[in-house]
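>>> A predicted structure for the sequence below; I have some questions about it.
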Amino acid sequence: MNGVGVIDEAGRLRLLGTGAAGAAFGVVLVVLVASSWTPATPTVLVGVGIPSAAVGAAIAVVLQLRSWRAEGGYAESIVVRDWIVDGRVPPDVPAERWIPLVQAQAEREGAGWGKIVLSTLWIAMTWSIRDQHGTLVTTMLVLLWTGLGLWSACWVIPRARAARALLRRGVSTPG
């Protein structure tokens with residue numbers, strides 16, 4: 001793919017998951033807006049939900065591909081992920097290559113905490129207007145915001161912290 005390189009099965013599954021999350025976000029967002037004018041009926045869910053799911057999925061996949069391009073391609077993003085998971089960078093990798101890549105991962109911790117704060121506020125806001133949108137829309141929104149917060153807490157922040165720890169340790173030299 002243009003600037004992304006060859007994507008393996010795990011990458012395709014990640015794109016599928018990203019598309020599903022984007023579709024869910026698109027549906028919830030559009031149904032939330034539409035439910036301000038009309039009740040959330042099956043007709044509304046199908047009539048506006050399906051097109052918004054398609055648009056949300058497409059946007060999410062494009063953003064994931066763009067992220068991989070920015071990281072130097074899919075293969076490079078996997079190499080960096082493996083360095084972070086292993087907690088070490090091979091000694092033969094030059095510092096001018098690995099430091100910016102790992103630093104970019106470490107800097108995502110702030111974004112992760114921001115998502116947790118926002119998801120908490122959005123859950124409270126959603127709950128406070130539950131009588132206006134009904135049980136279905138309220139449940140969809142609470143699940144969406146909870147998923148966003150959990151993703152940040154269980155994936156984004158720990159990975160950023162591991163990257164920061166890797167930066168502190170540096171490259172291990174052969175002894």
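That came through, no problem. Numbering: from 1, shown residues only.
>>> how much space between residue 88 and residue 165?
If you measure residue 88 against residue 165 using CB to CB, to the nearest Å, the figure is 11 Å. C-beta: built from backbone N, CA, C; applies to glycine.
>>> Could you give me the buried positions within the longest helix along the chain?
Longest helix of the chain, by residue count under DSSP state H: helix 42-70. By neighbour count on 16 or more other CB atoms under 10 Å, the buried set for helix 42-70 is 44-45, 48-49, 52-53, 56-57, 59-61, 64-65, 68-69.
>>> where does the protein have low pLDDT?
1-2, 40, 171-175 (pLDDT under 70).
>>> Can you show me the helices along it?
According to DSSP H, the chain carries its helices in the segments 9-34, 42-70, 74-86, 95-106, 108-128, 130-151, 157-169.
>>> Which positions within the fifth one qualify as buried?
Which is helix 108-128. 108-109, 112, 115-116, 119, 122-123, 126.
>>> Redo those residues as CSV? Include distance to residue 146.
Formatted as CSV, the buried residues of helix 108-128 follow (distance: CB to CB, whole Å):
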residue, distance to residue 146
108, 20
109, 20
112, 15
115, 12
116, 11
119, 7
122, 10
123, 7
126, 10
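>>> Specify which member of these is nearest to residue 8.
Ranked by distance to residue 8 (CB to CB), the buried residues of helix 108-128 are led by residue 108 at 22.7 Å.
>>> That closest one is in contact with residue 160, isn't it?
Yes: the criterion here is CB atoms under 8 Å, and residue 108 meets it with residue 160 at 4.5 Å.
>>> Distance check, residue 67 against residue 30.
Residue 67 is 24 Å from residue 30, by CB to CB.
>>> brain fart, residue 56
Counting by CB to CB, the separation of residue 56 from residue 30 is 8 Å.
>>> Same check on residue 148?
From residue 148 to residue 30 the distance is 17 Å (CB to CB).
>>> cool, and residue 70?
Distance from residue 70 to residue 30, by CB to CB: 28 Å.
>>> now do residue 134
Distance from residue 134 to residue 30, by CB to CB: 15 Å.
>>> got it, and residue 47?
10 Å.
>>> Can you name the residues that contact the residue nearest to residue 22 when sequence neighbours are not counted?
Nearest non-adjacent residue to residue 22, counting by CB to CB, 6 or more residues apart in numbering: residue 60, 2.4 Å away. Neighbour list for residue 60: 18-19, 21-23, 25 [criterion: CB atoms under 8 Å, 6 or more residues apart in numbering].
>>> Okay then, goodbye and thanks.
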